[in-house]
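**Student:** heads up, no residue letters with this:
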C-alpha cells in the first residue's frame with residue numbers, strides 16, 4: 001500500500017509540474033513562477049522510489065498512475081472552479097495582442113464587438129460571425145487569438161438576437177450586420193475578409209451573394225438545413241472527449257468552461273430552422289465571386305458530410321473545400337489545426353487578391369474545386 005500511494009503521489013506531482021511549466025491555467029495547482037516546488041518534490045520522490053522499482057509490479061504501477069492523475073484532475077477542477085472567463089478577451093494588451101471593445105454603428109444598434117489585433121497593427125481586417133445561440137466571446141478566444149497571431153485584426157460581433165446586441169434576430173435584417181461590420185473594417189484596413197461559423201456562415205454567404213464586397217470569405221460548418229435529434233445531440237456532446245475541447249484547459253478551468261456554455265441564447269422574430277432555410281446557403285454559395293474557403297468537419301452530426309459535399313459542388317470554380325479529419329460541429333471553430341489552416345488560406349488568398357488588384361490584367365479563375 002505504501003508503494004502504491006508513493007507512486008500515485010509521484011504522478012500527481014509530475015502532472016502538477018508539467019501543468020505549471022506549460023502554463024496550463026485550467027489545470028494548474030500552482031502559478032508558473034512556483035514550478036520549482038513540484039520539481040523539488042518530484043526529485044525527492046524519485047530518490048525514494050528508485051530502490052523500490054524492481055518490487056513494483058505492472059498492475060500496481062498502472063493503478064498508481066491512474067490514482068495519481070485522477071487526484072490531480074479533481075484537485076485542478078476544484079482549484080480553478082472560480083476562474084472568470086471574461087479576462088481572456090478583456091480590453092488591454094495580452095501576449096502580443098491588443099483587445100478593444102468596439103461599437104459598430106447600425107440602425108437599431110449599435111453592434112457590440114471585440115477587436116483583437118497584433119500590437120504592431122494589421123492591414124487586413126477579418127469580421128467573425130458566430131453560430132446560433134452563441135455570442136462574440138463564446139469560446140471565441142482560440143480563433144480570435146489565432147487570427148491575431150497570423151497578423152490579422154479580428155472583429156467579432158454579436159449577431160442580431162445574441163449577446164448584448166439590442167436588435168432581434170430576423171430576416172433579411174440580419175444581413176445588415178455583415179454590411180455594417182465590413183463597412184467599419186473598410187474604414188480602417190486595406191483588405192477585409194469575413195469568417196462565418198455555422199449560422200454565421202449562412203448569413204455571411206447570403207450577404208456576399210447579394211453583392212457585399214469582401215476580399216475573401218470563409219464558411220465554417222454552415223448547414224443547408226437543420227434537423228436536431230437526440231442522436232445528433234448525443235454525438236455532438238462527445239466534444240467533451242475531443243482534443244480541441246481539452247486544449248481549452250490551457251486557458252480556463254473545467255467548471256468555468258461549463259458556466260460559459262450557459263451564457264448563450266437567441267432572441268428573435270424567426271426560428272433558427274426557418275432562418276437557415278430563408279438564407280438558402282446552396283443558392284448563395286453559387287453566386288459568390290470572391291476567394292472562397294469551405295471548411296467542414298469530417299464527423300459533424302449537425303451538418304453531415306453529404307451536406308458539405310453538396311455545398312462544395314454548388315460552389316463556383318476556384319473555391320477551396322477543406323474537410324478536417326476528426327473534427328465535429330462544435331469542435332471545428334476551436335480546433336487549432338483548422339484555425340491554422342484557415343489563417344494560412346486567408347494569407348494566401350488575400351496576397352493573391354492584392355496582386356491581382358495591382359495587375360492590369362486579371363488572371364483567369366481556376367477551373368476546379370481545390371480539395
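**Tutor:** Sure thing, it's come through. All values reported here derive from a predicted model rather than from experimental measurement.
**Student:** okay, residue 221 and residue 257: tell me how far apart.
**Tutor:** 20 Å (C-beta to C-beta, to the nearest Å). For the C-beta atoms, the positions are set from N, CA and C on the backbone; glycine is no exception.
**Student:** of those two, who's got more company?
**Tutor:** Comparing residue 221 with residue 257 by other C-beta atoms under 10 Å, the one with more neighbours is residue 221, at 29 against 19.
**Student:** contacts only, for the more buried one.
**Tutor:** Contacts for residue 221 (C-beta atoms under 8 Å, 6 or more residues apart in numbering) come out as 131, 197-198, 201, 295-297, 300, 302-303, 329, 332-333.
**Student:** which of those residues are buried?
**Tutor:** 131, 197-198, 201, 295-297, 300, 302-303, 329, 332-333 (16 or more other C-beta atoms under 10 Å).
**Student:** want to throw those into CSV with distance to residue 91, secondary structure and pLDDT?
**Tutor:** Output for the buried ones among the contacts of residue 221, formatted as CSV (distance: C-beta to C-beta, whole Å; DSSP: H, G, I helix; E, B strand; the rest coil; pLDDT from 0 to 100):
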residue, distance to residue 91, secondary structure, pLDDT
131, 24, coil, 94
197, 23, strand, 97
198, 27, coil, 96
201, 28, helix, 97
295, 29, strand, 97
296, 33, strand, 97
297, 32, strand, 95
300, 34, coil, 93
302, 33, coil, 92
303, 34, coil, 94
329, 30, coil, 94
332, 28, helix, 95
333, 23, helix, 95
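**Student:** low-confidence ranges in the stretch 201-350 of the chain?
**Tutor:** The stretch 201-350 of the chain contains no residues with pLDDT under 70.
**Student:** show me the helices in it, by range?
**Tutor:** 230-237, 243-247, 254-261, 272-279, 281-286, 305-314, 336-358 (DSSP state H, counting those that start in this stretch).
**Student:** just the buried positions in the third one, please.
**Tutor:** This means helix 254-261. So for helix 254-261, counting by 16+ other C-beta under 10 Å, buried means 254, 256-257, 259-260.
**Student:** got those residues as CSV, with distance to residue 37 columns?
**Tutor:** Shown next, in CSV, are the buried residues of helix 254-261 (distance: C-beta to C-beta, whole Å):
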residue, distance to residue 37
254, 23
256, 24
257, 26
259, 29
260, 30
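**Student:** which two among the residues you listed are spaced furthest apart?
**Tutor:** 254 and 260 (10.9 Å; C-beta to C-beta).
**Student:** coming back round to it: nearest to residue 231, of the buried ones among the contacts of residue 221?
**Tutor:** residue 302 (11.2 Å).
**Student:** any idea how far the spatially most central residue of the chain is from residue 277?
**Tutor:** In the chain, the centroid-proximal residue (C-alpha atoms, centre = their mean) is residue 334; its distance is 2.8 Å. Distance of residue 334 to residue 277, given as C-beta to C-beta: 27 Å.
**Student:** tally of neighbours for residue 118?
**Tutor:** Neighbour tally, residue 118, other C-beta under 10 Å: 16.
**Student:** contacts only, for it.
**Tutor:** By C-beta under 8 Å, 6+ apart, the contact list for residue 118 reads 96-98, 148-149, 151, 153.
**Student:** can you flag the buried ones in the residues you listed?
**Tutor:** Applying 16+ other C-beta under 10 Å to the contacts of residue 118 flags 97-98, 148-149, 151, 153 as buried.
**Student:** so which of the residues you listed belong to strands?
**Tutor:** 97-98, 153 (DSSP state E).
**Student:** quick one: the helices in the stretch 1-150 of the chain?
**Tutor:** Under DSSP H, counting those that start in this stretch, the stretch 1-150 of the chain gives helices at 2-21, 36-49, 58-79, 141-149.
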